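Turn this into a model:
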Amino acid sequence: MKLLTRRVPVLLATAAALTLTLSACGDDGDDDSTASGNGGSGDSSAAPSEDAGEPADEMTEEPMAGPVGPGCADYASQVPDGEGSVEGMSDDPVAVAASNNPILTTLVSAVSGELNPQVNLVDTLNGGEFTVFAPVDDAFAAVDPATLTTLSTDADLLTTVLTYHVVPGQLSPDQVVGEQTTVQGAPVTVAGTPDAMTVNDANVICGGVTTANATVYLIDGVLMPPM
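Here you go, the predicted model:
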């Protein structure tokens with residue numbers, strides 16, 4: 001009995017010490033969990049701020065300008081699909097794209113050697129990047145027949161007139177307004193807004209039509225360079 005009595009206090013003391021040890025370990029675990037939780041919370045708060053920035057960057061990107069002008073809807077209804085449509089022309093270099101467009105037949109005749117066999121600008125137009133002011137067939141129909149006859153026999157004059165409709169580089173509707181130096185050497189003056197532009201005395205019917213290598217502006221007049 002004395003032995004048992006002596007052992008009880010020892011056992012009680014040992015149990016108390018073990019309880020204190022386990023309690024201390026538990027507190028350390030809680031601290032670790034809290035620290036870990038705080039770290040996780042910090043990481044999660046940083047991630048949304050990065051994600052939130054991405055849509056803001058996307059929203060600041062400028063959209064590509066599409067065809068603009070008072071006649072774009074009529075053009076789209078007249079040539080709704082096929083190689084001569086707005087979408088179809090984008091696949092081909094500019095001279096090829098124009099040849100597929102049913103409202104640019106006279107211009108194509110002039111640049112391809114049909115009007116004057118001594119003037120063929122197809123390879124030149126297809127070989128670089130240009131902005132082209134393209135008179136539609138109705139524009140050529142308004143030209144004095146005697147002038148067209150002269151152009152059909154005077155290669156230098158025809159080349160001068162045609163290259164006066166071409167500007168080096170591709171200019172979108174929001175870039176083209178102003179004075180632009182043509183391949184011919186003399187400037188043209190583009191005025192107005194993208195929805196209502198003029199080139200010298202001609203009106204832009206539909207502008208910003210892209211081909212594989214050029215930006216095209218359909219105009220209602222033939223531009224005559226200063227002589």
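
Find the residue closest to G69 in space, skipping its chain neighbours.
C206 (4.2 Å; C-beta to C-beta, 6 or more residues apart in numbering). Placement of C-beta: from N, CA and C, glycine included.

can I assume that neighbour sits in a strand?
Yes - counting by DSSP: H, G, I helix; E, B strand; the rest coil, C206 is part of a strand.

That one pairs with what?
Residues in a beta bridge with C206, per DSSP bridges, are L218.

That one touches S77, doesn't it?
No - here C206 does not reach S77: they are 11.6 Å apart, not a contact under C-beta atoms under 8 Å.

The two: who's more crowded?
A direct count of neighbours by other C-beta atoms under 10 Å for C206 and S77 places C206 higher, at 23 against 8.

quick one, what contacts S152?
With contacts defined as C-beta atoms under 8 Å, 6 or more residues apart in numbering, S152 is in contact with L115, N116, L158.

and the gap between it and Q175?
With the distance defined as C-beta to C-beta, to the nearest Å, S152 ends up 35 Å from Q175.

P80: neighbour count?
Quick note: P80 (other C-beta under 10 Å) scores 11 neighbours.

per-residue pLDDT, it?
As predicted, P80 sits at a pLDDT of 88.

Could you report the pLDDT at the residue nearest to G69?
95.

do the same with V167
Note for V167: predicted pLDDT of 98.

how about the nearest residue to it, chain neighbours excluded?
T131 (4.2 Å).

in the protein, which spans are helices?
Secondary structure of the chain (DSSP state H): helices located at 2-60, 72-78, 86-89, 94-99, 105-111, 122-126, 137-141, 145-153, 155-163.

related to what we said a few turns ago, show me what contacts the residue nearest to G69?
Neighbour list for C206: P67, V68, G69, G71, C72, Y75, Y217, L218 [criterion: C-beta under 8 Å, 6+ apart].

The first one: neighbour count?
Just to be clear, that refers to P67. Neighbours of P67 using other C-beta under 10 Å come to 22.
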